[in-house]
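Trainee: Model the following, please.
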Amino acid sequence: MKTMILLSFVVAAGLFASPHACLDKLCAAPLAAKQQVCSFDPVDKYKAVIRITGIDCAACSKMIQQTLSKTKGVLSVDLAYPGNQAVVQFDRHQISDKQIVQLIEKLGYQAQCIQCEKLSSKF
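Mentor: Modelled structure (predicted):
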């Protein structure tokens with residue numbers, strides 16, 4: 001009983017520190033302060049332009065776009081029919097442009113990355 005009363009006093013008095021006390025303080029900080037604390041972008045954003053041959057219909061285009069969109073590390077896909085190019089934004093920490101090309105080829109199409117560039121990260 002004495003232990004329970006003592007524990008209640010410690011918690012009520014704020015003497016018990018949460019293991020996430022530093023995070024609690026960060027969450028309570030204004031947005032500007034949070035942005036200063038997070039000085040790096042954990043996502044390594046790249047954009048790849050991929051030439052795809054063998055797309056014969058809108059359903060083919062939609063299947064490629066849906067498959068890529070569900071792939072871990074792919075941030076966005078722009079592929080419209082008719083067209084033979086996909087513009088894919090991705091996180092290079094999770095997937096590479098070569099892996100994206102291989103994924104498209106596994107679907108039965110020929111693919112070639114014709115341009116790949118790092119996107120600037122701005123807050």
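Trainee: pLDDT score assigned to the residue nearest to G108 when sequence neighbours are not counted?
Mentor: Distance criterion CB to CB, 6 or more residues apart in numbering; nearest residue to G108, sequence neighbours excluded, is G54 at 6.9 Å. Placement of C-beta: from N, CA and C, glycine included. Looking at G54, its pLDDT stands at 94.
Trainee: pretty sure G54 is touching Y109, no?
Mentor: Yes. Using CB atoms under 8 Å, G54 makes contact with Y109 at a distance of 4.3 Å.
Trainee: For the two, work out which one has more neighbours and name it.
Mentor: Between G54 and Y109, Y109 has the larger neighbour count (other CB atoms under 10 Å), namely 18 against 14.
Trainee: now the more buried one: how far from R92?
Mentor: Computed as CB to CB, to the nearest Å, the Y109 to R92 distance reads 23 Å.
Trainee: mind giving me the domain split of the chain?
Mentor: 2-37, 45-118 (automatic domain parsing).
Trainee: Pick out the shakiest of the ones you listed, pLDDT-wise.
Mentor: Within these, confidence is poorest for domain 2-37, with a mean of 45 (mean pLDDT).
Trainee: quick one: common contacting residues for G54 and Y109?
Mentor: Any residue near both G54 and Y109 by CB atoms under 8 Å, 6 or more residues apart in numbering counts here, and that gives C60.
Trainee: In three-state terms, label I64 for me.
Mentor: Secondary structure, DSSP: H, G, I helix; E, B strand; the rest coil: I64 is helix.
Trainee: so who does it touch?
Mentor: Applying CB under 8 Å, 6+ apart to I64 gives the contacts 52, 55, 77, 79, 86, 104, 107, 109.
Trainee: of those residues, closest to C116?
Mentor: Proximity of the contacts of I64 to C116 (CB to CB) peaks at A86, which lies at 12.3 Å.
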